[in-house]
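# Fold the following for me, if possible:
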Amino acid sequence: MIKLLSRIAAVILFILFFGFALENTQEVVLHFFLDYEIRGPLVLILLGFFAVGAVLAVLAMTPIVFRHRRDLSKHEKTILRMQQEQEAKQAARSKPPQTDDVLIK
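Okay, the predicted model is just below:
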């Protein structure tokens, strides 16, 4: 059911974006420094800037993702150590007490 809804939403978004692209085909000029300029259809310029923004966002998140992975690994090791300690305690409790080999006369 959720797959169907997500596919319907994807088709609707595609139709909306396709209509946006068809309505914005006029040529625009972007002026940069040193008399550098880019000419192209508005929709392609917008798409290009969106793609560059998405790449920059992923690059900005990279250190955070690696830090979280490192922390996760550290926590998993701590959990494993604690589980081993708990198992060792349970094993020590489950053993019957040892009798002393002392002879009483």
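# tell me the secondary structure for the most centrally placed residue in the chain?
When CA atoms, centre = their mean is applied to the chain, the residue found nearest the centroid is Val65 (6.9 Å). Under DSSP: H, G, I helix; E, B strand; the rest coil, Val65 falls in the helix class.
# who's in contact with it?
Applying CB atoms under 8 Å, 6 or more residues apart in numbering to Val65 gives no contacts. For glycine as for every other residue, the C-beta is placed from the backbone atoms N, C-alpha and C.
# where are the low-confidence patches of the chain?
Across the chain, the ranges flagged by pLDDT under 70 are 97-105.
# what about 80?
Residues of the chain meeting the criterion pLDDT under 80: 24, 95-105.
# show me where it has strands.
Applying DSSP state E to the chain gives strands spanning 27-31, 37-41.
# Columns mean neighbour count and distance to Gln86 on top of these, output as TSV?
Listed next are these as TSV, based on neighbours: other CB atoms under 10 Å; distance: least, CB to CB, whole Å:
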stretch	mean neighbour count	distance to Gln86
strand 27-31	11	63
strand 37-41	11	64
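# out of the ones you listed, nearest to Phe14?
strand 37-41 (18.5 Å; CB to CB).
# who touches that closest one?
If you take CB under 8 Å, 6+ apart as the criterion, strand 37-41 is touched by Asn24, Thr25, Gln26, Glu27, Val28, Val29, Leu30, His31, Phe32, Ile45.
# redo that, cut-off 7 Å
In this structure, residues lying in contact with strand 37-41 by CB atoms under 7 Å, 6 or more residues apart in numbering are Thr25, Glu27, Val28, Val29, Leu30, His31.
# so the nearest residue to the first one once chain neighbours are set aside bridges to which residues?
Taking CB to CB, 6 or more residues apart in numbering as the measure, Thr25 lies nearest to Pro41, with 5.2 Å between them; neighbours along the chain are not counted. On DSSP bridges, the residues paired with Pro41 through beta bridges are Glu27.
# do you know how far Pro41 is from Lys89?
To Lys89, Pro41 is 70 Å away according to CB to CB, to the nearest Å.
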